[in-house]
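*Asks:* quick one: sequence plus predicted model below, questions after.
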Amino acid sequence: MAAPTTVRAPRAALVPGRTPLRIGPVSTVVRLRAAAVVVVGLVVVVLALAVNLGLGEYPISVPDVLAVLLGGGNGGQRLVVLDLRLPRSLTGALVGAALAVSGAITQSIARNPLASPDIIGLTAGATVGAVLVIVFAGAGGAVGGATAAVGIPVAALLGGLLTAALIYGLAWRRGLQGFRLVLVGVGVNAMLVALIQWMLVVTGVYQAARAYVWLNGSLNGRGWEHVWPVAVALAVLVPAALVLAHVLGALQYGDDTARGLGIRVDRSRSVLLLVAVCLASVAAAAAGPIAFVALVAPQIAQRLTGIARPPITGSLVVGAVLTVVADILARTALGGTELPVGIVTAVIGAPYLLFLLARHRRRSRG
Amino acid sequence: METDGARPTVAARAAGAQAAGMALTALKPRPPAGGSGLRRRRRLTLLGLVVAVVAGSLLSVAVGAKAIPLDTVWHALTAATGTEDDVVVLQLRLPRTLFGLLVGAALGMAGALIQGHTRNPLADPGLLGVNAGAGFLVVVAIYLLGVTTPLGYVWFALLGALAAGVFVFAVGSAGRGGPTPVTLALAGAAVTALLTALTSSVILLDVDTLDAYRFWVVGSLAGRDLEIVAQVWWLLAAGAVIALATAPALNALSLGDDVARSLGFSVGRTRLLGILAITLLAGTATAMCGPIAFLGLVVPHVVRSLTGPDYRWLLPCSAVAGAVLLVLADVLGRIVVRPGELQVGIVLALVGGPFFIALVRRRALAAV
């Protein structure tokens, strides 16, 4: 009788420092440092949200804010926190998370840390839509107005999705190649940016000023109607991205290796790209193109977690932290005047990335 | 040069091609080009580009918002008598043609350099923070000092560009290993974002500053004073000389830092000189005409598909091609919306974008 014991599931070689976790047919590596980044990040997000919710003309202490969030607090506090301030802060956190995940995906697909949605034209598409409405429909600055409330987000969303379809169609040629996709995106981006600049030159200076506020990404006056689309998009798309995360890992090694590992490269890449596009467009529709989050959050997350490519959950958390902290500063830094949040994300994100770059090099020296 | 003997050996072993690094860095392994075929194609490319630059310059002098017959143009160039047409040709069209040639050449060459030094096909000369630095100091000059003329912007823009370039290089090279392509690119992107944000906050504070800035930032050749060229031409010349002198070392660098080092090139010094050249070329170009996007990104890709990745050819050909492209885009901008005109930066992106996409689709571009 042949010994059946010889036919065993192959045992993965144990790598020192990598604890495997197996549940049925699924196995993964437990990365304690990555998990710690996510947990710490989530705690920071909640605390920053609480600080942000307490700020304003009617200040509320952080413990009181937390109490309100958990169902306590008096009527006045509940009204201020839940109805007036929570939508704005939550929009910030969710938009930051969505942009960061979008950036993590595009950077991984293109294997290029510069390939954020801002650079390959997705954000510019959304911006063209919105600026079109602001400049030619006269909306955006005046408070209220159906054109501003509905028109701008819808135009931004349509602009982003149409641009993505255009880039995808132009880049597809017997398969989708990461390199070609990015270059086509860069070409489309240049045209769209020129279009935006042209609109800003031909219009009056006040429309241009309003458009600039939107261009920098603003969370001012955001309500629950801005929260829900982003929340739904994240709830649907992030799990999809997580399921496909192993594809990103394999794509790191090049298309041929990924194909050799049994991955349908073109199909997975298309689906992942769709996820990234939807996240970026929905985020831009809700809060304008908040600069730099999509580029910097994945890079920061990658360096904090010590993983070889931008991690999805890590990026999500870092993006949320970055945007909420930026929002706090945007509201308080200049006293009465509120800065667009997109300015502050760059002002705090850029030095932090520079610090990480410098520290990494110094450590690798020793 | 002692390394001249060593380089072909490596190249021959690696690729069987005459030009060092050609097949190694190509995305798709190409059949080894016969030495004479490649050489002929490069010569034809350079010749074609020179013809194009002459034709483009003539076109730029002859065509404009005001229709001037060719014989009158010729008369203005050879025997000006101070008529209205003579003034248009000599004081408006000739200077802007000169600006187009210089700025286009500087940006084309800077683009080829930055893509080589960061080994990133997405890099453009603005990546080192040059445009953002120039833009920030220009905005500060407008806001605090009330400067509003292109001549007044020049030294502020130049100072901002140089400071940003030096800072990015310092951060990107903090460490004994010196700057790597990835840290340079990321540090550049971070500094650009930071400076852009600071620029935006000044603009949002003051609507008059926005009004002046939005016309500077699109990039235009119109209404520039020849005095600007007289003040800054030597910076462009210095940048070009440094760039061409480091071309052989950049060839070795594109084989990887270790190979370059073993061939006897100093990686750190080459990169330092390269960044210096990029900052000089791109910073001066931006100071002259405002940030002109896209030119420095596209031109090297187009030229590389004709000459191959040898920087001794790529750098001069990119310079000439950049000059051609910028002058032609400027001519187009003058005739599409007569009697007004479209800024050259906008024309460049709107016309160059589709062309670039067609090129990307048609052939697999060689990787940097």
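*Replies:* On my side now, so go ahead.

*Asks:* and stretch A:177-187, anywhere near chain B?
*Replies:* Yes - Stretch A:177-187 is in contact with chain B by C-beta under 8 Å from any C-beta of the partner chain, via A:179-180, A:182-184, A:186-187. To be clear about C-beta, it is placed using only N, CA and C from the backbone, and glycine gets the same treatment.

*Asks:* the most centrally placed residue in chain B and chain A: what is the separation?
*Replies:* For chain B, residue B:107 is the residue whose C-alpha lies nearest the centre (C-alpha atoms, centre = their mean; 1.1 Å). Per C-beta to the nearest C-beta, to the nearest Å, residue B:107 is found 14 Å from chain A.

*Asks:* what residues are up against that residue?
*Replies:* Counting by C-beta atoms under 8 Å, 6 or more residues apart in numbering or on different chains, residue B:107 makes contact with B:125, B:281-282, B:285, B:292, B:295-296, B:299, B:322, B:326.

*Asks:* in three-state terms, label the residue of chain B most remote from its centre for me.
*Replies:* Going by C-alpha atoms, centre = their mean, the residue of chain B most distant from its centre is residue B:81, 36.8 Å out. Following DSSP: H, G, I helix; E, B strand; the rest coil, the label given to residue B:81 is coil.

*Asks:* look up the closest residue to it, ignoring the ones flanking it.
*Replies:* residue B:75 (8.0 Å; C-beta to C-beta, 6 or more residues apart in numbering or on different chains).

*Asks:* count of neighbours near the one you found?
*Replies:* Residue neighbour count, defined by other C-beta atoms under 10 Å in any protein chain shown, stands at 17 for residue B:75.

*Asks:* A strand includes it, no?
*Replies:* No - judged by three-state DSSP, residue B:75 forms no part of a strand; its state is helix.

*Asks:* quick check: closest non-adjacent residue to residue 295.
*Replies:* This is for chain A. residue A:116 (3.8 Å).

*Asks:* my question was about chain B, not that one.
*Replies:* Leaving aside its chain neighbours, residue B:295 sits nearest to residue B:107 (4.7 Å; criterion: C-beta to C-beta, 6+ apart).

*Asks:* what helix or strand is that neighbour on?
*Replies:* helix B:94-118 (DSSP states H and E).

*Asks:* residue A:109 now?
*Replies:* Using DSSP H and E, residue A:109 maps to helix A:86-110.

*Asks:* okay, buried residues for the following helix or strand past that helix please.
*Replies:* Using DSSP H and E, the helix or strand that directly follows helix A:86-110 along the chain is helix A:122-136. If you call a residue buried by 16 or more other C-beta atoms under 10 Å in any protein chain shown, then helix A:122-136 has these buried ones: A:122-135.

*Asks:* and stretch B:340-352, by the same measure?
*Replies:* For stretch B:340-352, the neighbour count (16+ other C-beta under 10 Å) marks B:341-352 as buried.

*Asks:* which of those lies closest to chain A?
*Replies:* Nearest to chain A among the buried residues of stretch B:340-352, counting by C-beta to the nearest C-beta, is residue B:349 at 3.4 Å.

*Asks:* assign the closest one to helix, strand or coil.
*Replies:* Assignment for residue B:349 (three-state DSSP): helix.

*Asks:* give me the element residue 40 is part of.
*Replies:* Reading this off chain A. helix A:32-54.

*Asks:* please refer instead to chain B.
*Replies:* Assigned by DSSP H and E, residue B:40 falls in helix B:35-62.

*Asks:* what helices or strands is that helix leaning on?
*Replies:* helix B:70-78, helix B:94-118, helix B:295-307, helix B:311-336 (3 or more C-beta pairs under 8 Å, 6 or more residues apart in numbering or on different chains; DSSP states H and E).

*Asks:* CA atoms only: put the helix holding residue A:40 into CSV for me.
*Replies:* What follows is helix A:32-54, C-alpha atoms only, in CSV (Å, rounded to 0.1, in the frame of the first residue of the first chain):
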residue,chain,number,x,y,z
LEU,A,32,2.8,43.0,13.8
ARG,A,33,4.3,46.3,12.8
ALA,A,34,1.7,46.9,10.1
ALA,A,35,-1.1,46.0,12.4
ALA,A,36,0.3,48.3,15.1
VAL,A,37,0.4,51.2,12.6
VAL,A,38,-3.3,50.6,11.7
VAL,A,39,-4.4,50.3,15.4
VAL,A,40,-2.4,53.4,16.5
GLY,A,41,-3.6,55.2,13.4
LEU,A,42,-7.2,54.5,14.2
VAL,A,43,-6.9,55.7,17.8
VAL,A,44,-5.3,58.9,16.5
VAL,A,45,-8.1,59.4,14.0
VAL,A,46,-10.7,59.1,16.7
LEU,A,47,-8.9,61.5,19.0
ALA,A,48,-8.2,64.0,16.2
LEU,A,49,-11.9,63.8,15.2
ALA,A,50,-12.9,64.5,18.8
VAL,A,51,-10.6,67.5,19.0
ASN,A,52,-11.9,68.8,15.7
LEU,A,53,-15.5,68.3,16.8
GLY,A,54,-14.8,70.3,20.0
